[in-house]
Structure formats: structure tokens, C-alpha cells
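Novice: here is my input; please provide its structure:
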Amino acid sequence: GLLSWLRRALAVAGAVLLAGVLLAQARSALIATTIATAALLLTLSRRTQVISAIGALIIASIVAAVPIIGQTVTRRSSSYRFEVWTKFLDLISERPVLGYGPFSKAGIKLDKGVFLDQAHNLVLSGWFRGGIFAAMAMAFILVGGIYWSGRYWKATGNIAPLCVMITITVAGMVDYQLLPTDPTWPWVTFWLPFGLAAGAE
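Specialist: The predicted structure follows:
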């Protein structure tokens, strides 16, 4: 039927997107999709969970056993996230209520000499740019999106919006910037999950 066809189409789309994430080697995306996939597996049959666990162990074993694969997976340097967050918290502490504004040139310089004007964290970026109320609003959007898409899953059995919200929330804790931009692809990747969560309920 139509539902079966839609599931197959979504499976193909998901496989293509997963391949893109693996090829891009974006660690934030890998972490986010892994956690969202784990949430999805919790709703599936015990047989599917066992097969998935075995598959994950096989993949992990291959990565560990074949040096060239392990080197490819781990070849990227440290992300310096804790250094970034610590230095942005120091900046935020100077203007915690109002922030620095969306067009400020303020930012931090890492020990390796790289300048950053965004905190690689949606809540911290909101706090840095818009103050404490922007940080609270950002946190409310993320938590609220998970809550409402979770309610939708319990009411209908459709977990797709919840998985998408989990993905963007986890990724947003270690990546993403919160700055005014021209309408480009980040708008779609950022706002689509919220649209799904809002439309679901």
C-alpha cells in the first residue's frame, strides 16, 4: 500500500543522507544521527534491535581492525569545543543580560590562533548574541520541540519528527551558529525540524 511505499522511500532517503554524513565526516552530525538512530531503534522490534546491535559491533570491529579505516575516521584534529565554550562563557559573563548584538565583531581567539565569532552551541550562541533571554528562548525551542514531537509519537506512533528534533538538538549543542544570514540551506536544516514538530501536534 501507500504507507509501505512511503516507508521504502524514506528508507532510501535516510540511507543517502547517512552516506553523505559519513563521507563528510562531520563529527557533530555523526553524533546527532547516532543518538537519533538509537532513539528510533528503541521503538522497533526486539529482533531489529538485536540485528542492529550486531551490525554496529561488526562495523566497530572493522574500524578497529583495519588501520587505514580507523585512521580515516579519526584523522581530523581535536575540535577544541571545551576551550571554545569556556572562552565564550568568559565573554558572556561581561554582558550576560543583553549580549553583544547580532552584528557585533566580538569573538574569541583559540590557542592555535583561530578567531571564532560563534560558540558552536545554539544556547551559548543565543546568550552571546542576544543575552540571557535569548538563551532561554533557544533552550525552550529545543526542549519544547522534543516534548511536542514526543507527544505526537505517543499519540500516533510516528517517531520521525522526534528523531529529527533529537538530531538538530544534539548537533546544535556542539555545532551551528546563530547569526542573521541571507536565506540559504542552513535555514532549511535549522527550521525544518521545528516545522515538523509544530505541524505534528
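Novice: regarding the chain, what is its longest helix?
Specialist: Assignment by DSSP state H gives helix 132-156 as the longest helix of the chain.
Novice: what's next to that one, contact-wise?
Specialist: For helix 132-156, the external contacting residues (Cβ atoms under 8 Å, 6 or more residues apart in numbering) are 43, 96-97, 99, 122-127, 130, 158-159, 161-162, 164-166, 168-169, 172, 178, 193-194, 196-198, 200-201. The C-beta positions use only the backbone N, C-alpha and C, and glycine is treated the same way.
Novice: the residue nearest the centre of the chain: what secondary structure?
Specialist: By Cα atoms, centre = their mean, the chain has its centre lying nearest to residue 171, at 1.8 Å. Assigned with DSSP: H, G, I helix; E, B strand; the rest coil, residue 171 falls in the helix class.
Novice: quick check: chain neighbours aside, which residue is closest to residue 84?
Specialist: Excluding its sequence neighbours, the residue lying closest to residue 84 (Cβ to Cβ, 6 or more residues apart in numbering) is residue 120, at 5.4 Å.
Novice: per-residue pLDDT of that neighbour, please?
Specialist: pLDDT recorded at residue 120 is 87.
Novice: tally up the residues packed near it, please.
Specialist: Residues lying near residue 120 (other Cβ atoms under 10 Å) number 20.
Novice: which stretches of the chain form helices?
Specialist: 2-24, 27-41, 46-65, 67-74, 81-94, 122-130, 132-156, 160-174, 185-200.
Novice: contact partners of the second one?
Specialist: This means helix 27-41. Contacts of helix 27-41 (Cβ under 8 Å, 6+ apart): 18, 21-22, 48-49, 52, 76, 79, 159, 162-164, 166-171, 174-176.
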